[in-house]
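Student: got a predicted structure here, sequence first:
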Amino acid sequence: MLDSPDGGDTWLEPTVLPYVVGIDRFYVAIDNTAGEYAGRVYVNAWTRAHNTTADQMSVTSHALWTSLDGGAPFGRPVQQTSTPPR
């Protein structure tokens, strides 16, 4: 994730989403209201999850990362895994 404090003239160091094993189709939502959750950043994406079953097939995971302070840092994602087809 990249952030520019001046409309793209300069860029800050990238913020890396933690616990990522590949990422696809990510979407970002930012709460810029004056409400209770102001400044929170949410990243929603498909990623890979570690499979602990005996067959070791990889599984797809839908992940949601949250930052409470404008994007630095992000915590561990909440993940929902799918069962691979047989």
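Tutor: Received it, and whenever you're ready, just let me know what you need. Numbers count the residues shown, from 1 in each chain.

Student: CA atoms for contacts and neighbours, from now on please.
Tutor: Fine.

Student: could you list the paired strands of the helix or strand bottoming out on mean pLDDT in the chain along with their orientation?
Tutor: Lowest on mean pLDDT, DSSP states H and E among the helices and strands of the chain sits strand 78-81, with a mean of 80. The pairing partners recorded for strand 78-81 under DSSP bridges are strand 59-67 (antiparallel).

Student: need the contact partners of stretch 38-45.
Tutor: Stretch 38-45 has contacts (C-alpha atoms under 8 Å, 6 or more residues apart in numbering) with 23-33, 62-71.

Student: low pLDDT regions in the protein?
Tutor: Applying pLDDT under 70 to the chain flags residues 49-59, 82-86.

Student: filter the contacts of stretch 38-45 down to the buried ones, ChimeraX style.
Tutor: Restricted to buried positions by 16 or more other C-alpha atoms under 10 Å, the ChimeraX selection for these reads:
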select :30,62,63,64,65,66,67,70,71
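
Student: for residue 44, grab the count of nearby residues.
Tutor: 20 (other C-alpha atoms under 10 Å).

Student: just the contacts of stretch 38-45: which are in strands?
Tutor: 23-30, 62-67 (DSSP state E).

Student: which ones are touching the spatially closest residue to residue 18 that is not a sequence neighbour?
Tutor: Excluding the flanking residues, the one nearest residue 18 by C-alpha to C-alpha, 6 or more residues apart in numbering is residue 76, at 6.2 Å. Counting by C-alpha under 8 Å, 6+ apart, residue 76 touches 18, 19, 65.
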